[in-house]
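Undergrad: sequence first, predicted model second:
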Amino acid sequence: MTHPAGGPAAFTPGPQGLAHLELLLAGSCPLPGFMTRAEAARIGRSGPPPAGAPWPVPVELSVPDEFADARALVLTDPEGAPLAELAVTETHRDGTVRLAGEVRPAAPPVYGSLRSLRLTARQVRSSRDERRALLAVVADRPLHHRALARIRAALERLGDADLLVLVDVPLDAEGAAPAVLAAGPLLPEGTRFAAVTLPVAAADGAPEWSAERHGLLAAHVAAAYGATHVLLESARAVEPPSGAPVKVLAAEEWAYDTARQRWRPAEEAAPGHARRELTEADVAEALDHGRPLPEWFTPEPVAAALARMRPSRADRGLTLFFTGLSGSGKSTVARGVAEEIRRAGRTVTLLDGDVVRRMLSSGLTFSRADRDLNIRRIGYVASEIARHGGVAVCAPIAPYAATRAEVRRMAEDTGDFFLVYVATPIEVCEARDRKGLYAKARAGEIPEFTGVSDPYEAPEDADLVIDTSAESEAESVARVVAALRDGGWLPR
Ligand SMILES: Nc1ncnc2c1ncn2[C@@H]1O[C@H](COP(=O)(O)OS(=O)(=O)O)[C@@H](OP(=O)(O)O)[C@H]1O
Ligand SMILES: Nc1ncnc2c1ncn2[C@@H]1O[C@H](COP(=O)(O)OP(=O)(O)O)[C@@H](O)[C@H]1O
């Protein structure tokens, strides 16, 4: 707990707390601060909120136990800069400690993605002609031709309306923003863009709301910006059932009419000529393999932004992680695969178990704690190699599933992760006993030996399983390389 200059303690809320605070401070939410338990209970978490509720979702702040007695709290951004002061009027426990009370702004926020685009509701309202209709599009995904056609049709129906695109992005990442903004030149002149972060749950650790609640929240925020009509282009929010403060336009199905070569409501498309949109997974797959997105589906500037945001797998970093018992063949196969990757034109670093134990992890034992530390170090180095577009080939035993999962998460922050389980039976590994270690382990001379006197948790999330007792070294290498080619990590 920190007490800046003798004042109240300071606390950095988690992502949900910060997102609620951002709306409170920007004047997008009409509440004075975080809700009491009774207020939050009245709004509820499932089903529609009661009629006349001031806000469609509970706004709560969860804090660690150490703040349970605080009367006031300075809420700061993740770098510690004060955002607001909270005067605590109620403390209650609901799994975690929750504080209620008014918030008073401290200093304008400087943190958060797309800060320069974070126009407040007040800023937008004060600079527009409120007699005109305002269509707000709340978007957390790229605007492809279908979305653009739907927006144009809605504007046409509304007559003389302004357009505001509320780009819904997390505070700590750009999300789909570059692809949403790339559609700017394809929208009417004068279209405004503002970045917002819509919370997805009441408080950190609380369950996420239903899609209808998300829709309702989006409508309320859009209304705060002065919108008269709302279109949801969101993966999370759907048309709310009722009670929205502005008209939420129906999300009827659209299709590409291949006869007329344009997008239109599916029921208007010529029979036999209605082509559906690509799914998000289709788009990801095309980008992963470096295939262009079809012109009928996505406009060129949006496609270009997407290709920048998600380079093909051949251009992304990769952590290729082998796991298996000692003597299973990890190093041998990893060496062969690394050679093939190099030959295919990619830069590759081999982080072999033995070398790592000498260079990165000398002094570590084979206790669980030290093995975990060893694997985390390998994961860290691999993820840095991947950050720069390289391929890191790792070949430690890595006996624990939880630690491998940690490395997967770390690696996927900067690139891709591909797990190869070398599932050679222990009898074969032991018969090979290249270093005589199994014999020593059986004789009790090496304690905590994996597979003999220490656990090995076989992976259930392997992307490929090989067994070097059933195939030659060349066959194993070829199978891994083929999987990398099929996945798009190596050119064909
Ligand atoms: N107690 C014990 N258990 C397992 N292995 C042992 C042990 N003591 C030494 N060795 C040798 O160390 C190599 C395994 O090191 P790793 O860094 O890959 O292990 S771990 O991932 O940290 O568990 C392993 O090398 P490989 O045969 O290449 O796997 C062994 O030769
Ligand atoms: N199909 C195969 N693939 C890989 N190694 C094999 C194969 N068949 C036999 N071996 C032998 O098994 C041993 C595996 O040792 P190594 O690659 O160091 O395993 P690890 O790194 O898992 O401890 C090597 O001596 C290798 O020559």
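TA: Arrived safely, thanks for sending. Numbering: from 1, shown residues only. Ligands and ions are numbered 1, 2, ... in the order given.
Undergrad: ok, the most centrally placed residue in the chain - contacts?
TA: The structure's the chain has its C-alpha centroid closest to Gly175; by Cα atoms, centre = their mean the separation is 7.7 Å. Gly175 makes contacts with 113, 140, 167-169, as judged by Cβ atoms under 8 Å, 6 or more residues apart in numbering. Every residue, glycine included, has its C-beta placed from N, CA and C.
Undergrad: over to Ala251?
TA: 231-232, 238-239.
Undergrad: farthest residue from the center of this protein?
TA: Here the centre of the chain is the reference, and by Cα atoms, centre = their mean the most remote residue is Ala443, at 49.1 Å.
Undergrad: ramachandran angles for that one?
TA: phi -80, psi 0 (degrees, to the nearest 10).
Undergrad: distance of it from Ala244?
TA: 74 Å (Cβ to Cβ, to the nearest Å).
Undergrad: can you check Arg485 too?
TA: Using Cβ to Cβ, Arg485 is found at 50 Å from Ala244.
Undergrad: buried sites along stretch 343-358?
TA: By neighbour count on 16 or more other Cβ atoms under 10 Å, the buried set for stretch 343-358 is 344, 346, 348, 350-353, 356.
Undergrad: then stretch 444-463?
TA: Of the residues in stretch 444-463, those with enough neighbours to count as buried (16+ other Cβ under 10 Å) are 446, 449-452, 454, 456, 459, 462-463.
Undergrad: which two from those residues end up farthest apart in space?
TA: When the buried residues of stretch 444-463 are compared pair by pair using Cβ to Cβ, the farthest-apart members prove to be Ile446 and Asp463, with a separation of 31.2 Å.
Undergrad: show me the contacts for His145.
TA: Going by Cβ under 8 Å, 6+ apart, His145 touches 256, 263, 296-299.
Undergrad: next one: Arg442
TA: Taking Cβ under 8 Å, 6+ apart as the definition of contact, the neighbours of Arg442 are Val452.
Undergrad: looking at it now. What's its pLDDT?
TA: pLDDT, Arg442: 97.
Undergrad: how many neighbours does the residue nearest to Leu484 when sequence neighbours are not counted have?
TA: By the measure of Cβ to Cβ, 6 or more residues apart in numbering, the closest residue to Leu484 outside its immediate chain neighbours is Leu490, 4.7 Å from it. Residues within reach of Leu490, counting by other Cβ atoms under 10 Å, total 21.
Undergrad: now do Pro178
TA: A count of neighbours around Pro178, defined by other Cβ under 10 Å, yields 18.
Undergrad: circling back: farthest pair within the contacts of His145?
TA: Farthest-apart pair in those is Tyr256 and Pro299; separation 13.0 Å (Cβ to Cβ).
Undergrad: more neighbours, those two?
TA: In this view Tyr256 and Pro299 are compared by other Cβ under 10 Å, and Tyr256 has more residues nearby, 22 against 19.
Undergrad: residues of this protein that sit close to ligand 2?
TA: The chain comes close to ligand 2 at residues 324, 326-333, 353, 395, 432, 434, 468, 471-473, 476, as judged by Cβ under 6 Å from any ligand atom.
Undergrad: right, is the lengthiest helix in the chain up against ligand 1?
TA: In the chain, ranked by residue count with DSSP state H as the criterion, the top helix is helix 368-387. Yes - with Cβ under 6 Å from any ligand atom as the criterion, ligand 1 is reached by helix 368-387 at 371, 374-375.
Undergrad: relative to Leu350, how far out is Thr332?
TA: Note on Thr332: its distance to Leu350, by Cβ to Cβ, is 12 Å.
Undergrad: likewise for Ala386?
TA: Following Cβ to Cβ, the distance that separates Ala386 from Leu350 is 14 Å.
Undergrad: phi and psi next, for the residue nearest to the centre of the chain.
TA: Main-chain dihedrals, Gly175, degrees, to the nearest 10: phi 50, psi -140.
Undergrad: start to end distance for stretch 32-50?
TA: Counting by Cα to Cα, to the nearest Å, the length from the leading to the trailing residue of stretch 32-50 is 20 Å.
Undergrad: contacts for that stretch?
TA: By Cβ under 8 Å, 6+ apart, the list of residues contacting stretch 32-50 reads 20, 24, 53, 55-61, 86-87, 89-90, 92, 94, 98-103, 202, 206-207, 209-210, 212-213, 216, 240-243.
Undergrad: if any of these are buried, put those into a PyMOL selection.
TA: Isolation of the buried members of the contacts of stretch 32-50 (16+ other Cβ under 10 Å) is achieved in PyMOL through the command below:
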select buried, resi 20+24+53+55+56+57+58+59+60+61+86+87+98+99+100+101+103+202+206+209+210+212+213+216+240+243
